[in-house]
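S.K.: need a structure here:
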Amino acid sequence: MGIYFLLFFVILMCSFVEKRPSFFHTKLQNIGIADVDIRHTASKKTVAIVLFMLLFTLAALRAQSVGIDLYWYDYFFREALLFNNFGDVISRYGWQDISFYALNFLISRFTNNFQIYLLVTSFIPLIIFFCVFYKKSKMLWLSVIIFLGLGFFAATMNLLRQIIAMAIIAIALKYAEEKKIGKFLLCVMFAASFHLTAVVCIPMYFFAHHKINSKNYIKYVFIIVTAFLFSNYIIVILVELYLDGRYTEYLVSGQGYTLLMILLGILIGGLLFKRHALLENKHFVVIYNLIFLTVVIQVVTLNFSLFVRAGFYYTFFLTLFIPNIINSIKCKYVRLATMLLTIAVFGVLFVHGLVNDVSGIVPFTFFWQA
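M.R.: Down below sits the predicted model:
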């Protein structure tokens, strides 16, 4: 477990490297003398490279025992080695999650080494996530803290199919912002070809550009309350009709309230500072709406634990929402207090995840130690 604490400490130290633009340089920008804070850009790039390499190294060089589901992925990879052509892949698995099995088949054409397989399946999602953080987060190091706290790094070492699908949905955010529905839906369908749960992201586009005003507040509150009161009945009917009663063991009650309270606190706090956040980035309204939808998804999860996986696609955007809200706070004391609170909350979530270890990533072992 110590290596994870060391990782967390290094990320915190990176906060001193990735600094906000200096007051003097900001003034030069305001009068048009300086167009870009080159020092800030360079330091952010350094932080992005260092943190990416740290996470990638751990994920790529882990032993097969790190990640409770890895034995299944090893099984799929060993099967792919036996296929003669892509037709064999389709015959064996059908079309569901076909891109994932195609990726297995492609890797198996170049190597039979499962460690190389882990390297590739770690690199793909992590490089995408870090590119998104670099382009869209004002505090990249804090995005990574939240990424760890929400369990996404653990998922990178365990839920290989879904984490790649999540990374593709992160790319789709750009097309939601730009109102390019064709490219957005292509991204969602491509993500769904890795993990079918990605289809829950289709509503993102249609809610993305709702104005953040009292009228829509009422609309979202109504949706949240309705989801809370009736989602259990709706899900039971859907499970019986379309899943033949399968997954009824996931119909639960009373789970997930802690995360729901955290989400509501984050959403309310974000709304208090929305004016400056929206002034800094006109596209940030999309993230606001996605956080509203995240709350709705979490409410549904209270009655159907399998929906937790679906919620991952939405909760990921907290990694962008929180740092950009904090960065938009003008009072430095409030900004500092909010930042420290964020570190504390997601630090506790990170430790809690390690202690419970539902992903099977503790203890960490390098492949040469196995």
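
S.K.: Val10: how many residues sit nearby?
M.R.: For Val10, the neighbour count with other C-beta atoms under 10 Å is 14. For the C-beta atoms, the positions are set from N, CA and C on the backbone; glycine is no exception.

S.K.: what's the closest non-adjacent residue to it?
M.R.: Leu54 (6.4 Å; C-beta to C-beta, 6 or more residues apart in numbering).

S.K.: which element is that neighbour on?
M.R.: Using DSSP states H and E, Leu54 maps to helix 38-60.

S.K.: Look up phi and psi at Val225.
M.R.: Per-residue torsions, Val225: phi -60, psi -40 (degrees, to the nearest 10).

S.K.: Then Val66?
M.R.: Main-chain torsions, Val66, degrees, to the nearest 10: phi -90, psi 100.

S.K.: Same check on Cys331?
M.R.: Backbone dihedrals for Cys331, given as degrees, to the nearest 10, come out at phi -70, psi 120.

S.K.: circling back: just to check, the residue nearest to Val10 is in contact with Leu6?
M.R.: No - counting by C-beta atoms under 8 Å, Leu54 stays clear of Leu6, with 9.4 Å between them.

S.K.: Give me the more crowded residue out of these two.
M.R.: Counted by other C-beta under 10 Å, Leu54 and Leu6 do not tie: Leu54 has more neighbours, with 16 against 11.

S.K.: and the helix or strand following the helix holding Leu54, what other elements does it pack with?
M.R.: Using DSSP H and E, the helix or strand that follows helix 38-60 in sequence is helix 70-82. Applying 3 or more C-beta pairs under 8 Å, 6 or more residues apart in numbering; DSSP states H and E, one finds that helix 70-82 contacts helix 98-108, helix 114-136.

S.K.: thinking again about what came up before, what inclination does the helix holding Leu54 have with respect to helix 114-136?
M.R.: The directions of helix 38-60 and helix 114-136 differ by 160 degrees, with axes from the mean of the first three to the mean of the last three C-alpha atoms, to 10 degrees as the criterion.

S.K.: Tell me the helices and strands packed up against helix 38-60.
M.R.: helix 2-14, helix 114-136, helix 140-149, helix 152-156.

S.K.: Tabulate the ones you listed (CSV), appending mean pLDDT and distance to Cys201.
M.R.: Formatted as CSV, these follow (pLDDT from 0 to 100; distance: least, C-beta to C-beta, whole Å):
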stretch, mean pLDDT, distance to Cys201
helix 2-14, 94, 28
helix 114-136, 96, 15
helix 140-149, 96, 18
helix 152-156, 95, 16
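
S.K.: Between those, which shows the greatest average number of neighbours?
M.R.: Highest mean neighbour count among the helices and strands packed on helix 38-60 (mean count of other C-beta atoms under 10 Å): helix 140-149, with a mean of 26.

S.K.: tell me the angle of that one relative to helix 38-60?
M.R.: 20 degrees.

S.K.: Show me what helix 140-149 is in contact with.
M.R.: 7-8, 11-12, 14-15, 18, 44, 47-48, 51, 55, 129, 133-134, 137, 153, 318-320, 322-323, 326, 339, 342-343, 345-350, 353 (C-beta atoms under 8 Å, 6 or more residues apart in numbering).

S.K.: Please pick the buried ones from these.
M.R.: 7-8, 11, 14-15, 18, 44, 47-48, 51, 55, 129, 133-134, 137, 153, 318-320, 322-323, 326, 339, 342-343, 345-347, 349-350, 353 (16 or more other C-beta atoms under 10 Å).

S.K.: Rounded mean pLDDT for stretch 167-174, please.
M.R.: Per-residue pLDDT values over stretch 167-174 give a mean of 96.

S.K.: now do stretch 185-197
M.R.: Mean predicted lDDT for stretch 185-197 stands at 94.

S.K.: do stretch 259-278 as well
M.R.: 85.

S.K.: and Pro203, what is it in contact with?
M.R.: Listed by C-beta under 8 Å, 6+ apart, the contact partners of Pro203 are Leu293.
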